[in-house]
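**Q** Could you work out the structure for the sequence below:
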Amino acid sequence: MSTPMYRHVASLGSSFAAGPGIQPVDDRRARRSARNYPHLLAERLGARLTDLTVSGATTETILASPQRLFTHVFPPQLQGLPADADLVTITAAAQNLTRIVSAVRSKAPGARVLLVDYVTVLGPATRPGPEVPFDGAILDALRRLGEKVTKLFAAAAALSAADLVLASARSQQHALGTPQPWVTGLPSLRALDGAFHPNAEGMRGVADTIMDYLDNSGPKS
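**A** Predicted structure coming up:
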């Protein structure tokens, strides 16, 4: 099945979409990479991109509240969503995702909306160590939190009838402690930018996952 044609991709979300620490930088103030998955996806689709992602964003700063990051204030991401966007990706804190989907559909009524969940950071192979400074009990608790977030994305997709792209499942074999991790651990206290977030390979993996989903699902009815 061929990939549907999209002309204008828009992306909303926080750091797991923005890509802090990945070079080259698109917007230093937003801690946003020019090689995050929204950029890679738009390139592969041959589409224009409106990347509104900002590290540290919340549901409220996506929907209605300005976001202050260092000395800069970003307007609510929804405010910048173009009405002609025909594919919108959302990767954000899992609370109130259905509100974001509803608001996107009001602002860009012709858009297909993809909820793209978080890549897996801590998998079965992850063990305590210099890059993962947590003991076994904390690791287990963090794994359970990740599983809960995955379930919240699934529930939001079901309630809102949005498409669900499971980056979490695709990345299970690329968590910290695997031969080819898609995420960055904690290299040192001086190198915190991007720690426990997708690395460049992870962003390529998420873009691949979205493209595979679009190839296999066809146009949204």
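
**Q** just for this structure, where's the confidence low?
**A** Counting by pLDDT under 70, the ranges of the chain that qualify are 1-2, 187-192, 220-221.

**Q** One more pass at 90, please.
**A** Along the chain, segments meeting pLDDT under 90 span 1-4, 69-71, 93-95, 124-125, 129-134, 185-195, 217-221.

**Q** Quick check: Arg35 touching Gly19?
**A** Yes - if you go by CB atoms under 8 Å, Arg35 and Gly19 touch, sitting 6.9 Å apart. Quick note: C-beta positions are derived from backbone N, CA and C, even for glycine.

**Q** Overlap of the contact sets of these two?
**A** Met203 (CB atoms under 8 Å, 6 or more residues apart in numbering).

**Q** Compare the two and say which is more crowded by neighbours.
**A** Applying other CB atoms under 10 Å to Arg35 and Gly19 shows that Gly19 carries more neighbours, namely 31 against 18.

**Q** can you tell me which residues contact that one?
**A** Gly19 makes contact with Arg32, Ser33, Arg35, Asn36, Tyr37, Gly194, His197, Pro198, Met203 under the criterion CB under 8 Å, 6+ apart.

**Q** Tell me, how many residues neighbour Glu201?
**A** When counting by other CB under 10 Å, one arrives at 15 neighbours for Glu201.

**Q** quick one, what contacts it?
**A** Applying CB under 8 Å, 6+ apart to Glu201 gives the contacts His174, Gln180, Pro181, Trp182.

**Q** Who's the closest spatial neighbour of Gln67, skipping the chain neighbours?
**A** Nearest residue to Gln67, sequence neighbours excluded (CB to CB, 6 or more residues apart in numbering): Thr61, at 3.7 Å.
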